[in-house]
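In: Only the shape, not the letters, is given here:
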């Protein structure tokens, strides 16, 4: 078709922010991001910059957003095995103050993401939401074996919202605590029902 859009990935990179998890069309946006980043022809330094951007967003996002980010990180590393170098240290020595990744740049080519590691995953191990903390274990696999592991379905996490996450977690905790909620038809506290006048 001869369609050319200059600096497409730079503009897409700048659109991926924490505010996108609060928008009405969040699911559509991240579905499209997943499609745009599925090409094997994207340079590794651009993919690595997106991976680091998603890792930083996972630290700031609500639980459903962190799960979306971590799914995208997993799928991008699986599609681009050359980015598995980001998992090499997994945060043991590198922290945010010594990270060579430049999160303030608007150009993924200048972000120096391939020189960094995914120390953010080490931090996410102690996330307050148990599902996010458990998801980190996925990255302990050997991600270079592309034929052994399949991509994680992003649709499982796109439909979630903060309200749904809260409701699910609240229901689990109530079942776990074995608390009986009061019914709508309660007996009066002080004996018989008052007489109708």
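Out: Cool, got the structure. Here the structure is a predicted model, which is why all the values come from computation and not from measurement.

In: Which pLDDT value goes with residue 7?
Out: Note for residue 7: predicted pLDDT of 87.

In: Look up how far residue 156 lies from it.
Out: 32 Å (C-beta to C-beta, to the nearest Å). For every residue, glycine as well, the C-beta is placed using N, CA and C.

In: what does residue 33 give?
Out: Distance check for residue 33 against residue 156: by C-beta to C-beta, it reads 16 Å.

In: So between those two, which is more surrounded?
Out: Using other C-beta atoms under 10 Å, the more surrounded residue of residue 33 and residue 156 is residue 33, with 20 against 11.

In: Touching, residue 55 and residue 69? I think so.
Out: Yes - if you go by C-beta atoms under 8 Å, residue 55 and residue 69 touch, sitting 7.0 Å apart.

In: For residue 99, give me phi and psi.
Out: phi -80, psi 130 (degrees, to the nearest 10).

In: What residue, apart from its backbone neighbours, is nearest it spatially?
Out: Residue nearest to residue 99 in three dimensions, not counting chain neighbours: residue 116, with 5.4 Å by C-beta to C-beta, 6 or more residues apart in numbering.

In: and that neighbour, what does it touch?
Out: 48, 52, 86, 94, 99, 100, 101 (C-beta atoms under 8 Å, 6 or more residues apart in numbering).
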